[in-house]
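K.L.:
Pasting the sequence and the predicted coordinates here, then a few questions.
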Amino acid sequence: MLIGEYITKLSGLTQYSPIFGRGGQAANFSVDVLDVPGGGVTLATTVEHKNSDDTTWTTLATFAAIGGTTGVKVIDAAGIKEQLRFTFTVAGGNASSTFYINVLAPQWMP
């Protein structure tokens, strides 16, 4: 059994997590980077949110570019709408450049 998921560049399009519901008005979001490709490859990661009646997603929080180092990356956000998702975009490298990450459960706050 594997813990985490692989995010591969492929054609370079943005990849999305499943949609999940808000658990509080603010939260700490964390991504545990378990393995990274070498050679200047970066992973752009954001948290997007919207209300159920909205037709478009907006950026809630943006992680600093992930590249070159493993470890837990954390970002705080407040004023969260009803629905959320993560976005992942691999830049640089080639189509097979892959990050191995584990998105941790948010720490919700009132």
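P.N.:
It's in.

K.L.:
going forward, measure contacts and count neighbours with C-alpha atoms only.
P.N.:
Fine.

K.L.:
List the buried residues in the top strand by length along the chain.
P.N.:
Ranked by number of residues, the top strand in the chain under DSSP state E is strand 98-109. Of the residues in strand 98-109, T98, F99, Y100, I101, N102, V103, P106 count as buried by neighbour count, 16 or more other Cα atoms under 10 Å.

K.L.:
what's the closest non-adjacent residue to the last one?
P.N.:
Nearest in space to P106, with sequence neighbours left out and distances taken as Cα to Cα, 6 or more residues apart in numbering, is F29 at 4.9 Å.

K.L.:
So what touches the helix or strand encompassing that neighbour?
P.N.:
F29 belongs to strand 26-35 when assigned by DSSP states H and E. When contacts are defined by Cα atoms under 8 Å, 6 or more residues apart in numbering, strand 26-35 is touched by residues 69-80, 99-110.

K.L.:
just the angle between that strand and strand 98-109, please?
P.N.:
160 degrees (axes from the mean of the first three to the mean of the last three Cα atoms, to 10 degrees).

K.L.:
Tell me how many other residues surround D54.
P.N.:
11 (other Cα atoms under 10 Å).
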